[in-house]
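Trainee: Below are the sequence and a predicted model; questions follow.
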Amino acid sequence: DTGVSQDPRHKITKRGQNVTFRCDPISEHNRLYWYRQTLGQGPEFLTYFQNEAQLEKSRLLSDRFSAERPKGSFSTLEIQRTEQGDSAMYLCASSGRQGVSYEQYFGPGTRLTVT
Amino acid sequence: AQSVTQLDSHVSVSEGTPVLLRCNYSSSYSPSLFWYVQHPNKGLQLLLKYTSAATLVKGINGFEAEFKKSETSFHLTKPSAHMSDAAEYFCVVRDSSASKIIFGSGTRLSIRP
């Protein structure tokens, strides 16, 4: 399968613990995005990389959140000192230069439950 | 700023009848618009996209959407609903910076046998 993959698919953690998620984009894509989706809502943008450079961060991304894409391939999203409000589905997407649409391809997501 | 409004949070139709999912957009320039579908426990899948070419856009699984600038709408339609169409549908607009996309709140489509 050559789509976007995310690991783990599910994560249950206790409040205050740190968690890290991984995203592997489609190999030829240079852009990588993180979104968060809560129950009954559409995904909300968190941050975006072009190659290894983090070019934009949403105000939703508090200082407890950090994302990296060290070699311009896979990316990690870390949440420190998790809170119950962090419980959500975390989605990764990637895109490449395809005409002018930059359409994004999504992974299956990592569902985080903070107890 | 760009935004989309999905006018119905839930739509229920009988199998074999037409589907209409409504979306209005707000944009200060000619937008790029998309429809994505999300089946339970599956990832988001692109149904179709509009990028200033033909105003009637055909997508996968028999869905299509028409861009109407005068009405600032991009409604999703399908002539005949199938049970497998039951899912959450999101109308999406590309941000002016082209760095991210902005999702509507979603419309849950239910299909009655």
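Mentor: Okay, I see it.
Trainee: From one end of stretch B:32-49 to the other, what's the distance?
Mentor: 7 Å (Cα to Cα, to the nearest Å).
Trainee: for the residue positioned nearest the centre of chain B, phi and psi?
Mentor: The residue lying closest to the centre of chain B (Cα atoms, centre = their mean) is B:Trp35, at 3.6 Å. Note on B:Trp35: backbone dihedrals following degrees, to the nearest 10 are phi -120, psi 130.
Trainee: for B:Ser84, same thing?
Mentor: Dihedral pair for B:Ser84: phi -70, psi -10, per degrees, to the nearest 10.
Trainee: can you list the residues of chain B near chain A?
Mentor: Contact residues, chain B versus chain A (Cβ under 8 Å from any Cβ of the partner chain): B:32, B:34, B:36, B:42-46, B:49, B:51, B:90, B:94-95, B:97-106. For glycine as for every other residue, the C-beta is placed from the backbone atoms N, C-alpha and C.
Trainee: Filter the residues you listed down to the buried ones, PyMOL style.
Mentor: Those of the residues of chain B next to chain A that count as buried under 16 or more other Cβ atoms under 10 Å in any protein chain shown are selected in PyMOL with:
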select buried, chain B and resi 32+34+36+43+44+46+49+51+90+94+95+99+100+101+102+103+104+106
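Trainee: In strands only, show me the residues of chain B next to chain A.
Mentor: Mapping the residues of chain B next to chain A onto strands (DSSP state E) picks out B:34, B:36, B:44-46, B:49, B:90, B:94, B:101-103.
Trainee: ok, so of these, who is nearest B:His82?
Mentor: Closest approach to B:His82 among those (Cβ to Cβ): B:Gln45, at 15.4 Å.
Trainee: Residues in a beta bridge with the residue in chain B positioned nearest to chain A, which ones?
Mentor: In chain B, the residue that lies nearest chain A is B:Phe103 (3.2 Å; Cβ to the nearest Cβ). Counting by DSSP bridges, B:Phe103 forms beta bridges with B:Val92.
Trainee: Up against chain B, what does chain A have?
Mentor: Contact residues, chain A versus chain B (Cβ under 8 Å from any Cβ): A:3-4, A:33, A:40-45, A:48, A:55-56, A:91, A:93, A:99-109.
Trainee: Whichever of those residues end up buried, select them in ChimeraX.
Mentor: Buried members of the residues of chain A next to chain B, defined by 16+ other Cβ under 10 Å, are picked up in ChimeraX with:
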select /A:4,33,42,43,44,45,48,56,91,93,101,102,103,104,105,106,107,108,109
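Trainee: Out of the residues of chain A next to chain B, name the ones that lie in strands.
Mentor: Reading strands off these with DSSP E, I get A:33, A:44-45, A:48, A:55-56, A:91, A:93, A:105-106.
Trainee: Point out where chain B drops to low pLDDT.
Mentor: For chain B, applying pLDDT under 70 flags the ranges B:96-98.
Trainee: quick one: B:Leu109 from B:Trp35, how far?
Mentor: Going from B:Leu109 to B:Trp35 by Cβ to Cβ, to the nearest Å gives 12 Å.
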